[in-house]
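# Below are the sequence and a predicted model for it; my questions follow.
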Amino acid sequence: MSALSIEFAGCRYRFAGLNPEQADLARSRFEALLCRDDARPDVQVDVHYSPNPAGFMRRPVGPVEYRTAVEHSEDSIAVAGIGFRARVDRAPLRAQMQTCLSDEWFLGAFENLFRVVASYRLFGEGALVLHSAAFTDGTRGFLFCGRSGAGKSTLCGLAAELELGILSDELNAVTPSDGSFELRAMPFAGDFGGAPRPHPPYPLTGLLGLSHSAAPLVHGCSKAEGVSRIVASCPYINADPLLVDELTGRAAMLVERVPLRVLSFAKDTRFWRILDHEYRSPHATLSR
Amino acid sequence: MSTEAPTQRYRVDPHARFRVMDDEGIFVLQDAGEVLVVNEVGAFIVEQLKAERSLDEVVTGITERYAVEAERARSDTTALLDDLLRAGAITRS
């Protein structure tokens, strides 16, 4: 059995109990974020391999999208998906994973649990983890929250055409920093794809929701709508009865500092001229 | 539209959280991870429900606070309550 440690957004996650095939798969995917395995991790995940698939969610036949099942209780979170189940202890944050997978399906299970564990770890550190697309022009960070179908991957594709730096088209974290907020990439990708790699934090310059229109436009929205869009975009935590009030409070603080706007865009790169202009000056204001 | 008894009372569903923010209201529906926003009047109505006011009392409260006829207030209120019931944001007491 072997172990590996992965570090991003200032947190170190150690996965132990991996068999050689599982370890190779995880190493190849997260190669750029691997760190020395001898330091104390922030979160430990123990993997237990059991080749008998009985008792696990079966593999589907053909391509399918499914949601990881998550159940919250007072002291732990139960997670289950294709070929695995896990228990995540709240305090100290630690996970036990049982899986019957050690082929390429294992990586999907590994990432699905990793998303949950990382979301809880970062929330515990004061961050919000959002279903979102994010990119940077090198100095400013832009985050676009929205669920599946909102246009996150499309926007990332368009941003890549403009040679903007894509952080993730699936999950990104917003962390408080000296009275403002920083944008941090998480090593998970949606349809846009891309291998995880280290990113520095970027100042959160633009916080936006997404909608579709024929011509690009940025418009404001009420604080309540801003908070609702953020809370709706925070997976796992927004369904956790012990944390949802804290989440809503943090979302309100965020939109107080960085008002949420809505970007309406078509499938072309014209949106960037609007964004670049609207957020060019740190003192720029938008009509609400 | 439902035909609720004038004395019917409602409460925020135990699996939902409600918060007023700059006059508007936000429901977080934990089971679904969904969020609903209601406008100022909607937020007022939900606050009345939380204070255990009946449907009739809520309608009276609206006519006292806003320039609206009782009939219109009742139909708009019951329409909103229907929506919130369907969404799982409130339940009948």
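Looks like it came in fine.
# With just CA atoms, put stretch A:89-109 into PDB.
Extracted in PDB, the C-alpha atoms of stretch A:89-109 (Å, rounded to 0.1, in the frame of the first residue of the first chain):
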ATOM      1  CA  ASP A  89     -15.700  12.900  10.000                       C
ATOM      2  CA  ARG A  90     -16.400  16.500  10.700                       C
ATOM      3  CA  ALA A  91     -13.900  17.100  13.500                       C
ATOM      4  CA  PRO A  92     -11.100  16.500  13.000                       C
ATOM      5  CA  LEU A  93     -11.800  16.400   9.300                       C
ATOM      6  CA  ARG A  94     -10.800  12.900   8.100                       C
ATOM      7  CA  ALA A  95     -12.300  10.400   5.600                       C
ATOM      8  CA  GLN A  96     -12.500   6.700   5.300                       C
ATOM      9  CA  MET A  97     -13.200   5.400   1.700                       C
ATOM     10  CA  GLN A  98     -14.200   1.900   0.700                       C
ATOM     11  CA  THR A  99     -13.900   1.200  -3.000                       C
ATOM     12  CA  CYS A 100     -14.000  -1.800  -5.300                       C
ATOM     13  CA  LEU A 101     -12.300   0.100  -8.100                       C
ATOM     14  CA  SER A 102      -8.700   0.200  -9.100                       C
ATOM     15  CA  ASP A 103      -9.000   0.800 -12.800                       C
ATOM     16  CA  GLU A 104      -9.700   4.200 -14.600                       C
ATOM     17  CA  TRP A 105     -13.100   4.300 -12.800                       C
ATOM     18  CA  PHE A 106     -11.200   4.700  -9.500                       C
ATOM     19  CA  LEU A 107     -10.100   8.200 -10.600                       C
ATOM     20  CA  GLY A 108     -13.700   9.300 -10.800                       C
ATOM     21  CA  ALA A 109     -14.500   8.000  -7.400                       C
END
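# which one is the closest residue to chain A within chain B nearest to, not counting chain neighbours?
Here chain B gets closest to chain A at one residue, residue B:24, 3.5 Å apart by Cβ to the nearest Cβ. Where you see a C-beta, it was placed from the backbone N, CA and C, and this is true even at glycine. Sequence neighbours aside, residue A:224 is the residue nearest to residue B:24 in space, at 3.5 Å (criterion: Cβ to Cβ, 6 or more residues apart in numbering or on different chains).
# picking that back up, correct me if wrong: the residue of chain B closest to chain A contacts residue B:46.
No - in this structure, residue B:24 is not within contact of residue B:46 by Cβ atoms under 8 Å, at 10.7 Å.
# quick one, which of the two is more surrounded?
Neighbour tally, residue B:24 and residue B:46, criterion other Cβ atoms under 10 Å in any protein chain shown: the higher count belongs to residue B:46, 25 against 20.
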